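**Student:** model this:
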Amino acid sequence: MDTALERWQALIDARQQQMDAAFARLGRTSADFWDRRARMYYRSAKDTIAQDALCLRLRNEVTTQTTLLDVGAGTGRFSLALAPQAKHIVAVEPNATMLGYLRQDAASQRLTNISYIPSTWQEAPSDLQADIVLCNHVLYPIREVDTFLLKLRAATQHVCYIYMWATHPDGLNAHLWPHFHGDERQLLPKYIDALDVMCEMGIYADVEVARLAVSLRYASLEDAVEEQLERLILPDDALTRDKLRTLLDAWLVERDGVLVPPVDTLVGAIIRMRR
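**Tutor:** This is a model prediction of the structure:
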């Protein structure tokens, strides 16, 4: 019988094989995936932090005596939101473009209590520690998730929060994938898969299910086409744009002056792992 870790890895392998094949058809690789999507992610993610369930929780826990380690900090929406009330934050982020947005916003907000480690978590110094460790939507593509989790726990002096989706956002537009690629979209692991691995490792965590805002919001149909070309790994030609535009026009709905998927919220989970 497969172990939880093997099931986790099978999901990642299937997804990676599908993405590699799609990128190969474009003459590209996945190496520049986040460089190409960083601007879109920065624009869509920064506006959702104010009402984010985990951020609201952390604002009640973080004080001027609290140190925080933001693993996979991305463009810094959590680091930037919590820095004004924290003692110090260490942001670990391997993508230079993402980290550039974080540094830029920290400077413009005159935040001086954030330090930066341009590295993956696996390659980050092993002696990093903080009162609170945050791992926000990072685990999905991590194949050796067991060693990743052990390093998170070792860095945790009080509590580690792991944020994951119950239904990954890629599931929202999965119905579009077969129109262009001919097969069903392979989805990444979900929070329940992470819990299975943790339980197998003897790590028993608290879980709080949360309703999360949908970050896919577009000012126009053309903006939606631009982003979905990247999300769906599609060639940028007139025929593909026309087909995608037609599909998106039939799928997206208008709310408060922007185009969004026809769902109110997504379900996620806040996994709390104590030292």
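**Student:** can you give me the strands for the stretch 101-250 of the chain?
**Tutor:** When secondary structure is read from DSSP state E, counting those that start in this stretch, the stretch 101-250 of the chain shows strands at 114-117, 130-136, 156-165, 206-213.
**Student:** which residues are contacting the second one?
**Tutor:** Just to be clear, that refers to strand 130-136. 54, 58, 61-62, 66-74, 78, 90, 121, 152, 155-163 (C-beta atoms under 8 Å, 6 or more residues apart in numbering). For every residue, glycine as well, the C-beta is placed using N, CA and C.
**Student:** give me the pLDDT value at the nearest residue to Gln228 once chain neighbours are set aside.
**Tutor:** With C-beta to C-beta, 6 or more residues apart in numbering as the criterion, Gln228 has its nearest non-adjacent residue at 6.0 Å, and that residue is Leu244. The pLDDT attached to Leu244 in the predicted structure is 98.
**Student:** pretty sure Leu244 is touching Glu222, no?
**Tutor:** No: in this structure, Leu244 is not within contact of Glu222 by C-beta atoms under 8 Å, at 10.7 Å.
**Student:** in the chain, which residue is closest to the centre?
**Tutor:** Geometric centre of the chain, nearest residue: His137, 3.6 Å, by C-alpha atoms, centre = their mean.
**Student:** mind listing what the residue lying closest to that one once chain neighbours are set aside touches?
**Tutor:** Take His137 and drop its neighbours on the chain: the residue closest to it by C-beta to C-beta, 6+ apart is Tyr163, 5.6 Å away. Each residue near Tyr163 by C-beta under 8 Å, 6+ apart is listed here: Leu54, Leu134, Cys135, Asn136, His137, Gly268, Ala269, Ile270, Ile271.
**Student:** can you redo the strands of the stretch 101-250 of the chain as JSON lines with mean pLDDT and distance to Thr29?
**Tutor:** Conversion of the strands of the stretch 101-250 of the chain to JSON lines gives the following (pLDDT from 0 to 100; distance: least, C-beta to C-beta, whole Å):
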{"stretch": "strand 114-117", "mean pLDDT": "98", "distance to Thr29": "25"}
{"stretch": "strand 130-136", "mean pLDDT": "97", "distance to Thr29": "26"}
{"stretch": "strand 156-165", "mean pLDDT": "96", "distance to Thr29": "25"}
{"stretch": "strand 206-213", "mean pLDDT": "89", "distance to Thr29": "30"}
